[in-house]
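Colleague: Requesting a structural model of the entry that follows:
(4 chains)
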There are 2 protein chains.
Amino acid sequence: MSEERKGDIVRPTLADVAHEADVSAITVSRTIRQPHIVAEKSRRRVEAAIEKLGYIPDAAASALASRTSSMIGLLVPSLTNNVFTDVLRGVYEVVEGSRYFVQIANSRYSALKEETLVRAFLRQRPAGLIVAGFDQTDRGRDMLNGAACPVVQVLEHGPEPVDMAVGFHHAEAAALATRHLLDSGYRRPGFLAARMDPRTQRRMRGFERTCRDAGALDARRIVTTHQASTVGLGRQLLELLLCQAPETDAIFCANDDLAVGALMEAKRRRIRVPEDLGICGFNDLEMTRHMYPAITSVATPRFETGRQAATMLLEEIAEPGSVGRRNRDLGVELMVRESTMRPPGPQPAAETHAEGKAP
Amino acid sequence: MSEERKGDIVRPTLADVAHEADVSAITVSRTIRQPHIVAEKSRRRVEAAIEKLGYIPDAAASALASRTSSMIGLLVPSLTNNVFTDVLRGVYEVVEGSRYFVQIANSRYSALKEETLVRAFLRQRPAGLIVAGFDQTDRGRDMLNGAACPVVQVLEHGPEPVDMAVGFHHAEAAALATRHLLDSGYRRPGFLAARMDPRTQRRMRGFERTCRDAGALDARRIVTTHQASTVGLGRQLLELLLCQAPETDAIFCANDDLAVGALMEAKRRRIRVPEDLGICGFNDLEMTRHMYPAITSVATPRFETGRQAATMLLEEIAEPGSVGRRNRDLGVELMVRESTMRPPGPQPAAETHAEGKAP
DNA sequence: TTGAAAGCGCTAACAA
DNA sequence: TTGTTAGCGCTTTCAA
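Modeller: Just a heads-up that it's a prediction; the model follows:
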């Protein structure tokens, strides 16, 4: 079909369907939105006409007339990062059974882009909005505050959400992991992190605080980068860490990608995990438990966060003010696996690393 | 702020801004869309008024009046699968610099859901559409055919796209990998696959055909499942394969997730890779090259597919009929790595597997 | 360079 | 149960 043809296509309207079915426009409208209040006979005629003409309702006209759309906007900083796609799955599970649909926007970790995207969402008069995190720009927060729809902030827990929130404490989750390393007998823990978005920074604070309290904090053992987190980066960061702090006997990785990369690099260097080096990841992505050795990680409630956010939104849309707990902490769970199960008794000297590092 | 307040918020309209700036509505509209044709003085007054009132244009009214939106719809079967998020990244890279925005819909591998989502997109009068694959339902294809906007099908190459297409041959790509295994001296190759969506099935055909031609096809060595592909599933499928065909000396995994899982399971069983078992993945996800040993994989042009699809769309939107090659094959590349670099000379007997399998 | 008038296709409100 | 009327907030068209 040529492009000229395409341009010429005139879509049938409600009025066309009404004419075809010999009813009024509003009856067609009702047949589509509230079929139960239309007489069986009219309804069948309308349905036949819709089918015959291939009628597709115009969302813009509908949104304009009703001053609302069926869109639920989801604003995340990344879609490469499985953390957000897991939230998304939870949201879908709830929204799919409803008359709403999800629109996704990706701020790519830019607060400015996020602001633009919030504005783009609001232009469409969404029925509800789900936004990752608490760290909007001032204008972004103002816009969310003034939104004519319910808003849920996800994946963090903190004071004063814009409207509603579901998530967990990043600093506390990191502290849990760090304490586990210390309790397992590791004395010189290091920290690897990438991207350094607000949530990652909170995890770093949790690590630092816990280490400081235990007298085990050493800035040389903290290696971070603003690059996006990848498995390859985990290898590089471990290399860097072992260069500048060869005494390191455990690492807490702010991401499972990094943990997997670090584990692979350790294997390649013949560093024994967990004997010479304990490794703990964060998020408990599916792959970590299947590594060899299986990697200890902090399981974060990503799917459940998405489910609850969507549920809260739908309830609040149906009846404003009806949602009870509007700021929820879902907590995390430490999944202890082989990579930090240090055998009891004295450990080999730290020099082991130096050996491992030789080509 | 209470929900009641929210409901009461009256958004300023073009007319309000016009009143504030003491110009007509159309001048405000022009200031927003074509600032260069508005006099400097009016423009500044309008911009000040927009700022003062916090005006946000209504997308529905705009779409209704202009009979088009700025939306580019992207329809994929999954967002958990990194393949599609890579395409997405390519699309974003191109679209972000334009006046269009991307809306993502997830069919979750259901052709019926896909049909519903195509309809949902068309209701919004998209400026363009990008759809994964060629396997729409008949109605889905009809709708795409009748769409009043350009359409690009991605991630496959085949005859008769609806409008435009960018992708590669899955069967040929699989044949490339399979030939590599055979050429590397592996004689009893197996095949692991999950999900079994149309593209995966084409890869299976490519594997079967190549093995048959080489007299190396044995149905016992083909293990598939309809479950979603995961690393854990790779471990399970390898276990199954080695149970029913212990002589297997190499595997082609239809996904890198499976390949990583299979590698980890092999390590756990003390099966030597690549000596006893060659492993080849598909897609060349970032992690595969960082495994130990590094995994051979077929690199697919996911990012470039997204880039080109978006570029074609924007060109075609700007000037219908202007895009030249409308059906593009981007090809694939085999990345040979440690996991299939079998040392030359006679190999240990196949019984090695039996040993490896012992607890 | 600016504006007035006339809809875009639908739904809310009310009436029958 | 169905219909009539009057917009929703913007852009197009034509005129000044």
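Colleague: use CA for all of it now, contacts and neighbours both
Modeller: Fine.
Colleague: hmm, the helix or strand containing residue A:32 touching DNA strand D?
Modeller: According to DSSP states H and E, residue A:32 maps onto helix A:25-33. Yes - using C-alpha under 7 Å from any atom of the strand, helix A:25-33 reaches DNA strand D at A:25-27.
Colleague: Show me where chain A dips below the pLDDT cut-off.
Modeller: Residue ranges of chain A with pLDDT under 70: A:1-9, A:345-359.
Colleague: Tell me the residues of it that contact DNA strand D?
Modeller: Counting by C-alpha under 7 Å from any atom of the strand, chain A comes close to DNA strand D at A:22-27, A:36-39, A:41-43, A:61, A:64-67.
Colleague: Could you turn the buried ones of the residues you listed into a PyMOL selection?
Modeller: Taking 16 or more other C-alpha atoms under 10 Å in any protein chain shown as the burial criterion, the selection of buried members of the residues of chain A next to DNA strand D in PyMOL is written as:
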select buried, chain A and resi 23+24+25+27+42+43+61+64
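Colleague: Which ones among the residues of chain A next to DNA strand D also lie next to DNA strand C?
Modeller: With C-alpha under 7 Å from any atom of the strand as the criterion, the residues of chain A next to DNA strand D include A:25-26, A:61, A:64-66 near DNA strand C.
Colleague: Where does the spatially most central residue of chain A sit, in terms of helix or strand?
Modeller: Closest to where the C-alpha atoms of chain A average out (C-alpha atoms, centre = their mean) is residue A:84, at 2.5 Å. According to DSSP H and E, residue A:84 maps onto helix A:82-95.
Colleague: Likewise for residue A:178?
Modeller: Going by DSSP H and E, residue A:178 is in helix A:170-183.
Colleague: got the CA positions of that helix in CSV?
Modeller: Provided in CSV are the C-alpha atoms of helix A:170-183 (Å, rounded to 0.1, in the frame of the first residue of the first chain):
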residue,chain,number,x,y,z
HIS,A,170,18.6,1.4,51.0
ALA,A,171,21.0,2.4,53.8
GLU,A,172,19.6,-0.2,56.1
ALA,A,173,19.6,-2.9,53.5
ALA,A,174,23.3,-2.1,52.8
ALA,A,175,24.0,-2.2,56.6
LEU,A,176,22.4,-5.6,56.8
ALA,A,177,24.7,-7.0,54.1
THR,A,178,27.8,-5.3,55.7
ARG,A,179,27.0,-6.6,59.1
HIS,A,180,26.7,-10.1,57.6
LEU,A,181,30.2,-9.8,56.1
LEU,A,182,31.6,-8.7,59.5
ASP,A,183,29.6,-11.4,61.4
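Colleague: Which strands or helices does that helix pack on?
Modeller: Here helix A:170-183 touches strand A:189-193, helix A:198-213, strand A:250-253, strand A:278-283, strand A:296-299, going by 3 or more C-alpha pairs under 8 Å, 6 or more residues apart in numbering or on different chains; DSSP states H and E.
Colleague: again, only using 6 Å
Modeller: helix A:198-213 (3 or more C-alpha pairs under 6 Å, 6 or more residues apart in numbering or on different chains; DSSP states H and E).
Colleague: what lines up beside the helix or strand that the helix it packs on is followed by in the sheet?
Modeller: Next in sequence after helix A:198-213, counting helices and strands by DSSP H and E, comes strand A:222-224. Note on strand A:222-224: by DSSP bridges, its sheet partners are strand A:189-193 (parallel).
Colleague: buried set for the strand it pairs with?
Modeller: So, applying 16+ other C-alpha under 10 Å, buried residues of strand A:189-193: A:189-193.
Colleague: report the angle between the axes of whichever helix or strand comes after the helix holding residue A:32 and helix A:25-33?
Modeller: Downstream of helix A:25-33, the next assigned helix or strand under DSSP H and E is helix A:40-53. Counting by axes from the mean of the first three to the mean of the last three C-alpha atoms, to 10 degrees, helix A:40-53 lies at 90 degrees to helix A:25-33.
Colleague: is chain B contacted by helix A:40-53?
Modeller: No - interface with chain B: helix A:40-53 contributes nothing (C-alpha under 6 Å from any C-alpha of the partner chain), its closest point being 11.7 Å away.
Colleague: for residue A:125, helix, strand, or coil?
Modeller: When classified by DSSP: H, G, I helix; E, B strand; the rest coil, residue A:125 comes out as coil.
Colleague: what sits against it?
Modeller: By C-alpha atoms under 6 Å, 6 or more residues apart in numbering or on different chains, the contact list for residue A:125 reads A:68-69.
Colleague: try 8 Å this time
Modeller: Residue A:125 makes contact with A:63, A:67-69, A:71, A:148, B:58, according to C-alpha atoms under 8 Å, 6 or more residues apart in numbering or on different chains.
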